[in-house]
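Peer 1: sequence first, then the predicted structure:
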Amino acid sequence: MELNDGNLQTLTEFMRKTLDPDPSVRRPAEKFLESVEGNQNYPILLLTLLEKSQDNVIRVCAAVTFKNYIKRNWRIIEDEPNKISDPDRTTIKANIVNLMLSSPEQIQKQLSDAISIIGREDFPLKWPDLLTEMVTRFQSGDFHIINGVLRTAHSLFKRYRHEFKSNELWLEIKLVLDTFANPLTELFKATIELCQTHATDINALKILFSSLALISKLFYSLNFQDLPEFFEDNMETWMSNFHNLLTLDNKLLQTDDEEEAGLLELLKSQICDNAALYAQKYDEEFQPYLPRFVTAIWNLLVSTGQEVKYDLLVSNAIQFLASVCERPHYKHLFEDQNTLTSICEKVIVPNMEFRSADEEAFEDNSEEYIRRDLEGSDIDTRRRAACDLVRGLCKFFEGPVTAIFSGYVNSMLGEYAKNPGVNWKHKDAAIYLVTSLASKAQTAKHGITQANELVNLTEFFVNHILTDLKSQNVNEFPVLKADAIKYVMIFRSQLPKEQLLQAVPLLVAHLQAESTVEHTYAAHALERLFTMRGPNNSTLITPAEMAPFTEQLLNNLFKALALPGSSENEYIMKAIMRSFSLLQEAIVSYIPTLIGQLTHKLLLVSKNPSKPHFNHYLFESLCLSIRITCKANTTTVGSFEEALFPVFTEILQNDVQEFVPYVFQVMSLLLEIHTSSIPNSYMALFPHLLQPVLWERTGNIPPLVRLLQAYLEKGGATIASSAADKIPGLLGVFQKLIASKANDHQGFYLMNSIIEHMPTESIVQYRKQIFILLFQRLQSSKTTKFIKSFMVFINLYGVKYGAIALQEIFDSIQPKMFGMVLEKIVIPEVQKVSGPVEKKICAVGITKILTECPAMIDTEYTKLWTPLLQALIGLFELPEDDSIPDDEHFIDIEDTPGYQTAFSQLAFAGKKEHDPIGEVVSNPKILLAQSLHKLSTACPGRVSSMLSTGLNAEALQYLQGYLQAASVQLV
């Protein structure tokens, strides 16, 4: 693509169309942009547009498109095409910082993100001057530019907060500190001075305070891994200024908005984080500053209001106290009974209260409320922080703290009892207090695993929780109902089974509640209860115990999906999946009705897939329906195909990328259930599965390979007779997969199925070419994974076609090739083969080479006979060699960047492990003994003499054991 006005004009028109609400205009435009993004100069055209276009909407659109393009394509992945040419990469890096700093804020943010994506891959090695270029801009004095630099530095350095320690990381951080730490400190001091100079200028203060907030974030990132020497030497500068900023109260910066945090709150909350980091990780160095921070943060907490805009600040301030109070050498600060009472009364109880803002979220923004409350993304909520502080205090002062709170809990419950209609929030706070007091350790799988001995959970359940669950009106006091359900869910491992069984029908009834939070919690609680394990690893709650409620449960779950706001509720769908899994054959009679509802739901969500978890559980539920019903009666598979194929056809025709891998998995499951030959409906689809475009998406590869394997297993002969012209296409897929380090194992899965299931005559003409392809890959890049798969493949070939055929095909490619493969690959590497089936294939294959291949007995290959037998005995007796060479790191398919749907394995579509040798050989050691006996009968004396000269004593001893077990002797 040339850099000219014509192309800029074309690009502008397509950009405009991508913003069109009409899909028939928007989709083709998106497809066009996708089709040209591999062209040279495409990113440069985008940058030119975002710099020079007269239309602001187009500039922003170009910036977003550019960022997403960089996100998808900048990382160079082995075996994948590199979509950005080297000249384009160089031009982008040379211009992007300047462009970012001179752009308006909306565009600056997008380009700043793009720089950090490029930096993650290229900085520091391939982009050494990035930092110096950025630091020199601090001198500009223009805070629009300075904030652009700070924002970019923040997105570049924030990964230091969660990266694992490594030499590369430390070297990079050292380089950053050498270049960045001093200029950042100077900028910090200068900005604080400017704040004093402009103390009465609101506009200047806003810009300066946003700079201070970014500087504080950078401080956190640069200090996270370890305490850098520079910051230790300059601790006085940073900490005294942080302390002053914490106590600062500039009236001009206070906002009227009750919801949105202002700059002052954001800065103070980051400073609380920075102080907590130092108190936790560098307590010795931080000791002199700690008391004044504790005082400042305490005063802040006592004087800050209940408005939502202070939530982040209050929760970070409480988290600071929580991190300090659980350190042994700060214990003395909290020992006094008055201090504890004061903390409980002034900090913890007020921040446990259910505010009107929480009530609004509960009613009007239930999705966000659930995300914060259930999934623990409520790190910045006051309640979560107050809970953590209770837990922290209980570490050293469990007795006194429990005593103080018990008083509060009783008085709150007393208030509630006086007038439930008005005082229900008191009971809500009491339940929350009890929960935070009682919980010591928690996991997602088991709920609370360790509880405070001083709190009687069962008694509280019977007296205060059951009453709410049993109330006839499920829509009365929805917050308290949700609290009660959550209590059952959290303490499920602590409550006795009979109480959980008592709760189940009550939870089923709450699935009909109008409140989204309430029926979602009920679904989630049931799903968690159904996963609990009993004494003998079966489920704690049995299908028999569920029998009285089965119909009600299934009815209410499916009805709940029709409630407003829950049409794609992932918790309900997960509960449906888990109910199917628990109830097993008890659901068979309901499936004919339910499958219709599931397929209808699938058709609706496929129009615009937006909830990945919901969709995943929906497909899992479909798989369970198929598995459970067909286990009872395999002939029902046809009725599932009738119900599902119309929807599947629509998904495949419309290329719904998110669903295609799932469809292939469900089709594999259906096809594997068929007992006779392959149905025509599947054969009609077969040619389409070989289209190259399908194989370009990494997420399609595992399910497509499995589907082709199912085709081969059920209809190898049908393909050979009625679709022989498609065999080259099948081998083309194998060739593509084998060339990729990430997917070569999938290529072998496919080839192994071809060898096992296709009639010999149909592939005889391609055999030599297959081996040549494998040798070419061995020469170009030999990885451990490839060697292991290659070994299984050649041994399976030997098992299927005989050892002589294997030796002949190798030697037909190049004389003496068979010996080279044995000597250089099989003998030294066979120990690396893992997995029982794979080991069995190799053992049977090698046994055949040893005993059924004349060339091994009377040619120059004879010298390899004993080392090969030694290697086989090693495969039987030695531990698996799982070492991997240093220079090999496997690319995980999930790591590929961009928006391609990664492959999500459906647990309930799982494939049974297939053993191509099956019952013919139950014990490969016995087979070896019998085969050696047979060989020694044919060549008397030869086997014994080869064993006595070359096999070590330990291996010989093992071999004697096999011969004895098989009751045979060598002649």
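Peer 2: Okay, I see it. Being a predicted model, the structure only gives us computed values, none of them experimental. Numbers count the residues shown, from 1 in each chain.

Peer 1: so where is this structure shaky, pLDDT-wise?
Peer 2: Scanning the chain for pLDDT under 70 picks out the ranges 376-380, 441-443, 445-450, 884-902.

Peer 1: now do the top helix by length along it: which elements does it pack against?
Peer 2: The longest helix of the chain (DSSP state H) is helix 382-418. Other helices and strands packing on helix 382-418, by 3 or more CB pairs under 8 Å, 6 or more residues apart in numbering; DSSP states H and E, are helix 311-325, helix 337-343, helix 349-352, helix 420-438, strand 439-443. For every residue, glycine as well, the C-beta is placed using N, CA and C.

Peer 1: compare the ones you listed and give me the one nearest residue 545.
Peer 2: Set against residue 545 and scored by CB to CB, the helices and strands packed on helix 382-418 come closest in strand 439-443, at 24.6 Å.

Peer 1: how about the helices in the stretch 701-850 of the chain?
Peer 2: 701-722, 727-738, 744-757, 760-763, 767-780, 784-801, 803-813, 817-821, 827-829, 836-852 (DSSP state H, counting those that start in this stretch).

Peer 1: residue 163 - how many residues pack around it?
Peer 2: By the criterion of other CB atoms under 10 Å, residue 163 has 13 neighbours.

Peer 1: which non-adjacent residue is nearest it?
Peer 2: Closest residue to residue 163 apart from its sequence neighbours, by CB to CB, 6 or more residues apart in numbering: residue 169 at 5.4 Å.

Peer 1: quick one, what contacts the one you found?
Peer 2: 160, 163, 225 (CB atoms under 8 Å, 6 or more residues apart in numbering).

Peer 1: what does residue 578 give?
Peer 2: By CB under 8 Å, 6+ apart, the residues touching residue 578 are 526, 527, 530, 531.

Peer 1: try 6 Å this time
Peer 2: 527, 530 (CB atoms under 6 Å, 6 or more residues apart in numbering).

Peer 1: how about the nearest residue to residue 713, chain neighbours excluded?
Peer 2: Sequence neighbours aside, residue 757 is the residue nearest to residue 713 in space, at 5.5 Å (criterion: CB to CB, 6+ apart).

Peer 1: that neighbour reaches residue 716, doesn't it?
Peer 2: Yes - if you go by CB atoms under 6 Å, residue 757 and residue 716 touch, sitting 3.5 Å apart.

Peer 1: tell me what angle the longest helix of the chain forms with helix 420-438.
Peer 2: Between helix 382-418 and helix 420-438, the angle comes out at 130 degrees (axes from the mean of the first three to the mean of the last three CA atoms, to 10 degrees).

Peer 1: pretty sure residue 404 sits against residue 344.
Peer 2: Yes - with contact defined as CB under 6 Å, residue 404 and residue 344 form a contacting pair (4.9 Å).

Peer 1: residue 404 and residue 340, how far apart?
Peer 2: For residue 404, the distance to residue 340 equals 6 Å [CB to CB, to the nearest Å].

Peer 1: now the closest residue in space to residue 747 that isn't next to it in sequence: how far from residue 38?
Peer 2: The shortest distance from residue 747 to any residue other than its chain neighbours is 3.2 Å, reached at residue 737 (CB to CB, 6+ apart). Going from residue 737 to residue 38 by CB to CB gives 22 Å.

Peer 1: who's more crowded, those two?
Peer 2: The neighbour comparison of residue 737 against residue 38 (other CB under 10 Å) goes to residue 737, with 22 against 13.

Peer 1: helices of the stretch 151-300 of the chain, start to end?
Peer 2: So, for the stretch 151-300 of the chain - with DSSP H, counting those that start in this stretch - the helices run 167-197, 202-224, 229-233, 235-247, 263-281, 283-286, 290-303.

Peer 1: buried sites along the third one?
Peer 2: It refers to helix 229-233. 230, 231 (16 or more other CB atoms under 10 Å).

Peer 1: start the count at 214 instead of 1 going forward.
Peer 2: Renumbered: residue one is now 214, and that last one reads helix 442-446.

Peer 1: any idea how far that helix is from the chain center?
Peer 2: 37 Å (CA atoms, centre = their mean, to the nearest Å).

Peer 1: for it, packing partners?
Peer 2: With contacts defined as 3 or more CB pairs under 6 Å, 6 or more residues apart in numbering; DSSP states H and E, helix 442-446 has no helix or strand neighbours.

Peer 1: quick one on the thing from earlier: among the helices and strands packed on helix 595-631, which is the most enclosed?
Peer 2: Compared across the helices and strands packed on helix 595-631, helix 524-538 shows the largest average neighbour count, a mean of 24 (mean count of other CB atoms under 10 Å).

Peer 1: compute the inter-axis angle for that one and helix 448-460.
Peer 2: Using the same axes, to 10 degrees: helix 524-538 against helix 448-460 is 130 degrees.
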